[in-house]
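Asker: Starting from these lines, generate the structure:
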Amino acid sequence: MNKSLVLSFALGWMAPAVYAGEGHGHSHEAAIEAAPHGGVLRDAPPFKAELVLNGDQAKLYVYDKQMKPVTLDKPEIKGRLKFPRQTKEIIVTFKRTAAGDAYETKMAGIGKVHRYDLHIDLQIGDQKVLADFGVDNIH
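Answerer: Purely as a prediction, here's the structure:
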């Protein structure tokens, strides 16, 4: 009887922790597939977006549902960068690469920051979607 009481108490105590993660600000979860360029892959229905960081350089690749590269028809797109203890977002402009396969930008000092949110407004053809990245840059 004593063991079942302890087990009931433990399960009841843990239940709120299971639900505590719900409602987090990122509406699009990590995609299941492996990221082709080794970055962070997120669902951005009807697309998938991959963010690749290399120091202060950031590249964004966009794929369809079958992970085939999407034609990037806009010369640039905008994003919003937010750090945990700052109230103001920083506007970031991504420009299409010369090869036309990705968007890229430089975010000075970003490689030294441990955590931030990056929200990128994608426009592919007439479709506008949000690519939402919560980045934990802890190694």
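Asker: where exactly do the helices run in the protein?
Answerer: In chain order, the chain shows helices spanning 2-19, with DSSP state H as the criterion.
Asker: how about the strands in it?
Answerer: In order along the chain, the chain carries the following strands (DSSP state E): 40-44, 47-54, 57-63, 76-82, 90-96, 103-106, 115-124, 127-136.
Asker: Glu33 is nearest to which of the ones you listed?
Answerer: Shortest distance between Glu33 and the strands of the chain, using CB to CB, is found for strand 40-44: 6.4 Å. For the C-beta atoms, the positions are set from N, CA and C on the backbone; glycine is no exception.
Asker: Using CSV, write down the CA coordinates of that closest one.
Answerer: Output of strand 40-44 as CSV, limited to C-alpha atoms (Å, rounded to 0.1, in the frame of the first residue of the first chain):
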residue,chain,number,x,y,z
VAL,A,40,18.6,23.6,-37.9
LEU,A,41,15.6,22.4,-39.8
ARG,A,42,12.1,23.8,-39.1
ASP,A,43,8.7,23.2,-40.5
ALA,A,44,7.3,26.4,-42.2
